[in-house]
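In: Predicted model and sequence follow; I will ask about them next.
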Amino acid sequence: MHGIGVLCGLGAGVWLGAAEAPTKLVNTGLSPFAISLCMVAGVFTARWSLPTLIKGTRSVFTDLGENKHLIPIAILAGMLWGVANTLTVFAIRDVGLAIAFPLWNTNSLVGIFWGRVLFGELKGASTKNVAKVLLGALAIVGAAIMLGFSTIQSGGSHAQHAFGGILAAAGASLLWGTMYVPYRKAYVSGMSPLSFVTIFTVGELGTVLALVLALDGGTHAAVFHSPEVGHMLFWLFSGGFVWVVGDIFQQYATKYLGIGRGIPLSNTNQLWGLAWGALVFGELAHADSTHRLLVVFGSVVMIFGALAVSTAIATEREHTSINQSLLRECDRYRLDYDRVQRAYAGEGQPLGNNTREWWDYVIVAGAVVVFIWLGLKARVPTLEMNYGWVFVLSAIMVLAVGICGWILWNRTRFS
């Protein structure tokens, strides 16, 4: 299962990196709160339609019924995501996509901490594995600092807002790193990521809507009344939808590798964020050679740090420690240990009846209709883009989802 987790982590990086590209629309004048709300609306649509398409609602709700104790935890996790996503839009506005991505990807450090403290990850690990994790974590921190200073010293259009952008990215890092605790708790309870995200998204949408009402003009906010918003909705919805595809793969990576390994691997999304920012939007086109060197070198260092952490394959002693986490959850919530253990290993049988109900088709058709309707209203954004690179990066996304989806279906049936 380690190999499946690695592939899912890499696939997640490709899609999570692309998901932030539509947030460049913040440069068109829309507020970060409006951008985040529109994206989360797309996230909500995807988090219901994709699990329904893959497994059906009966299986999803049967899974939720087996793990009622996780429902409020999932909503809390969604609230953390909603705030973190809003902060990323501020970060992109203030320091740019190519810089913001590596900064908030320090969430892997937060994840390593929580994984060790709460779930016994790395407990009993070999000295070599501990060294890989610690040195990889230090590399990630060093790269983040390097990228932060390169932003401040670059003298570019974002320099005057660099400090605020760095703080926003750091806040997103802290919240996203903590958000994986409820996810991990769900996995050691035997819950499928596809089931968890359907409740998770309730917290996302509710929180971002509350932020708009409280901080962006209430019911008079431009997102509810401006005719220009309608022309941008398709792109922001699409960004949210793309994010969910990457997030699903990321959660399977976290399930099979653990927080401390899964998050750093999926954080290769910073490479793809850099690719979209630099190749498609030309963020580094007017940067001097020193600035470009710092950005590229910092990104490379962060990638090697993440890979070092992810290649620390768990030993038998560490698996014993993780198994104790499963036993603890089963004792606390009176769960069937055999069922939980099989589900955690990707060997669980689908819950409920796999037969599609009529409302499953309604949910999926409704999502398709929404995207068609928004697409008919959409306008091409007034942003300079290199469409050749858009095609290349999009082709890589299709290849990644095909490989990861096929392997997950054949090996685990998305359990």
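Out: Arrived safely. Numbers count the residues shown, from 1 in each chain.

In: And the residue nearest to the spatial centre of the chain, how far from residue 357?
Out: Closest residue to the average C-alpha location of the chain: residue 247 at 4.2 Å, with C-alpha atoms, centre = their mean. Applying C-beta to C-beta, to the nearest Å, the value for residue 247 to residue 357 is 25 Å. C-beta coordinates here come from the backbone N, C-alpha and C atoms, glycine included.

In: next one: phi and psi at residue 282?
Out: The phi and psi values for residue 282, taken as degrees, to the nearest 10, are phi 60, psi 40.

In: can you offset everything so residue one is 636?
Out: Got it, the first residue is 636 from now on, which makes the last one we talked about residue 917.

In: Just give the nearest non-adjacent residue to it, would you?
Out: residue 1019 (6.3 Å; C-beta to C-beta, 6 or more residues apart in numbering).

In: per-residue confidence for that neighbour?
Out: We have a pLDDT of 78 for residue 1019.

In: residues near it, how many?
Out: For residue 1019, the neighbour count with other C-beta atoms under 10 Å is 9.

In: can I assume residue 994 is in contact with residue 693?
Out: No: assessed by C-beta atoms under 8 Å, residue 994 is found out of contact with residue 693, at 9.7 Å.

In: neighbour-wise, which of those two wins?
Out: More crowded of residue 994 and residue 693, by other C-beta under 10 Å: residue 693, with 19 against 13.

In: any idea which element that one lies in?
Out: According to DSSP states H and E, residue 693 maps onto helix 692-701.

In: Quick one: mean pLDDT over that helix.
Out: Helix 692-701 comes out with an average pLDDT of 85.

In: got it, and stretch 652-663?
Out: Mean pLDDT, stretch 652-663: 69.

In: for stretch 946-962, same thing?
Out: On average, stretch 946-962 scores 81.

In: Any buried residues in that stretch, and which?
Out: Of all the residues in stretch 946-962, those buried under the rule 16 or more other C-beta atoms under 10 Å are 946, 947, 948, 949, 953, 956, 957, 960, 961.

In: same question, stretch 704-713
Out: Result for stretch 704-713 [16+ other C-beta under 10 Å]: buried residues 705, 708, 709, 710, 711, 712, 713.

In: Let me have these in a markdown table, extended by pLDDT and distance to residue 735.
Out: Formatted as a markdown table, the buried residues of stretch 704-713 follow (pLDDT from 0 to 100; distance: C-beta to C-beta, whole Å):
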| residue | pLDDT | distance to residue 735 |
| --- | --- | --- |
| 705 | 87 | 31 |
| 708 | 89 | 28 |
| 709 | 89 | 27 |
| 710 | 92 | 27 |
| 711 | 91 | 25 |
| 712 | 90 | 22 |
| 713 | 91 | 22 |
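
In: re the thing from before, in terms of secondary structure, what does the helix holding residue 693 contact?
Out: Under the contact criterion of 3 or more C-beta pairs under 8 Å, 6 or more residues apart in numbering; DSSP states H and E, helix 692-701 touches helix 667-689, helix 828-850, helix 993-1012.

In: now the longest helix along the chain, how far from the chain's geometric center?
Out: In the chain, taking DSSP state H as the definition, the longest helix is helix 862-892. Between the centre of helix 862-892 and the centre of its chain there are 8 Å (C-alpha atoms, centre = their mean, to the nearest Å).

In: how many degrees apart are that helix and helix 993-1012 in direction?
Out: 130 degrees (axes from the mean of the first three to the mean of the last three C-alpha atoms, to 10 degrees).

In: Just the mean pLDDT for helix 862-892, thanks.
Out: Mean predicted confidence for helix 862-892 is 86.

In: which other residues reach the very next helix or strand once past that helix?
Out: Sequence order places helix 894-901 as the next helix or strand after helix 862-892, per DSSP H and E. Here helix 894-901 makes contact (C-beta atoms under 8 Å, 6 or more residues apart in numbering) with 640-641, 644-645, 647-648, 651, 742-743, 746-747, 749-751, 754, 756-757, 768, 771, 775, 812, 815-816, 818-819, 881, 884-885, 888-892, 940-942, 944-945, 947, 949.

In: So which helix or strand of this protein has the lowest pLDDT on average?
Out: helix 732-739 (a mean of 70; mean pLDDT, DSSP states H and E).

In: Show me what the following helix or strand past that one is packed against.
Out: Where DSSP H and E defines the elements, the next helix or strand beyond helix 732-739 is helix 742-754. With contacts defined as 3+ C-beta pairs under 8 Å, 6+ apart, helix 742-754 has these neighbours: helix 762-788, helix 797-822, helix 894-901, helix 924-945.

In: now the angle between helix 797-822 and helix 742-754, please.
Out: 30 degrees.

In: average pLDDT for helix 742-754?
Out: Per-residue scores along helix 742-754 average to 84.

In: give the contact list for the nearest residue to residue 706 once chain neighbours are set aside.
Out: Distances taken as C-beta to C-beta, 6+ apart place residue 834 nearest to residue 706, at 5.4 Å, with adjacent residues excluded. Contact partners of residue 834, counting by C-beta under 8 Å, 6+ apart, are 699, 705, 706, 709, 710, 713.

In: Just give me how far the helix or strand the third one falls within sits from the chain centre.
Out: In other words, residue 706. According to DSSP H and E, residue 706 maps onto helix 706-730. Remark: helix 706-730 is offset 10 Å from the chain centroid, using C-alpha atoms, centre = their mean.
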